[in-house]
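Undergrad: Dropping the sequence and predicted coords here.
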Amino acid sequence: MAAPNRPGFRPRRPRINIPLNEHIRARILRVIDHHGENLGEMSKEDALKIAQDAGLDLYVVSENAEKPIARILDYGKYKFELSKKDKGVKKQTGGESKEIKMGYNIDVGDYNTRVNHSKKFLSKGLRVKLNITLRGREMQHADRARLLAERFLDDIREEGTGDPVPQRMTGRSIIVYVVPGPDKVRIKKKNDEKAAQEAAAEQENQ
């Protein structure tokens, strides 16, 4: 049986794993409307009605164990803008890119392998796209994923310069672009930290 037509609602057929409209699993959401106004916490049903009345979609942009954040938006336009931004980054930096994927809880061996691969790519003049993806309940560990991204940028600072680690996730991922060339800011920061540690150790030995 075909779904009944509802005023202002545009039926969609998203993949099941996309937290969009009826496929959102959380019952309570923190909602931001299409004007950027924080509507506070409400049930999924109430948020869906607001989105449908506006002829828009309800999309979870940040998930955690208790209070996922959802935005009322045009999902098709949102995906187009993300794609446009990705193409814009490629156009600005130029050249071929290599994607490095990892989870927030990657083991040391796999992490070191990806770091070494990234260094090789950058040394050949290739860009690197770091993609740290969280799945399901892992969304509550977004802070750990950001720390991992910072660690990665520190470890390749001699070979590549990365964008600032984003505070907001792109869907379920933290994405950082790295271009070839030393990251002078991170190199200076690490040198200053090393000098401070050496000075502190010298004082202790006196």
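TA: In hand now; what should we look at? Numbers count the residues shown, from 1 in each chain.

Undergrad: any weak-confidence spans in this structure?
TA: 1-16, 64-66, 85-95 (pLDDT under 70).

Undergrad: Domain ranges for it, per the record?
TA: What automatic domain parsing lists as the domains of the chain is 21-76, 93-189.

Undergrad: how about a markdown table for these, with distance to residue 201 and mean neighbour count added?
TA: In this view, the C-beta of every residue, glycine as well, is placed from N, C-alpha and C. Shown next, in a markdown table, are the domains of the chain (distance: least, CB to CB, whole Å; neighbours: other CB atoms under 10 Å):
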| stretch | distance to residue 201 | mean neighbour count |
| --- | --- | --- |
| domain 21-76 | 40 | 17 |
| domain 93-189 | 19 | 16 |
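
Undergrad: what is the residue nearest the centre of the chain paired to in the beta sheet?
TA: In the chain, the residue lying closest to the centroid (CA atoms, centre = their mean) is residue 174, at 2.4 Å. Residue 174 has the following beta-bridge partners by DSSP bridges: residue 132.

Undergrad: Please report how far it lies from residue 104.
TA: 9 Å (CB to CB, to the nearest Å).

Undergrad: Mutual contacts of those two, please.
TA: 132, 145 (CB atoms under 8 Å, 6 or more residues apart in numbering).

Undergrad: Verify the stated contact: the residue nearest to the centre of the chain with residue 167.
TA: No: applying CB atoms under 8 Å, one finds residue 174 not in contact with residue 167, separated by 9.5 Å.

Undergrad: anything in contact with each of these two?
TA: residue 146.

Undergrad: in the chain, which helix has the most residues?
TA: helix 184-205 (DSSP state H).

Undergrad: and that helix, what does it pack onto?
TA: helix 142-155 (3 or more CB pairs under 8 Å, 6 or more residues apart in numbering; DSSP states H and E).

Undergrad: now for the helix it packs on, which elements pack on it?
TA: helix 108-123, strand 127-133, strand 160-162, strand 173-180, helix 184-205.

Undergrad: Which one of those lies nearest to residue 77?
TA: Comparison of the helices and strands packed on helix 142-155 against residue 77 by CB to CB identifies strand 173-180 as nearest, at 19.4 Å.

Undergrad: angle of the closest one against strand 127-133?
TA: 160 degrees (axes from the mean of the first three to the mean of the last three CA atoms, to 10 degrees).
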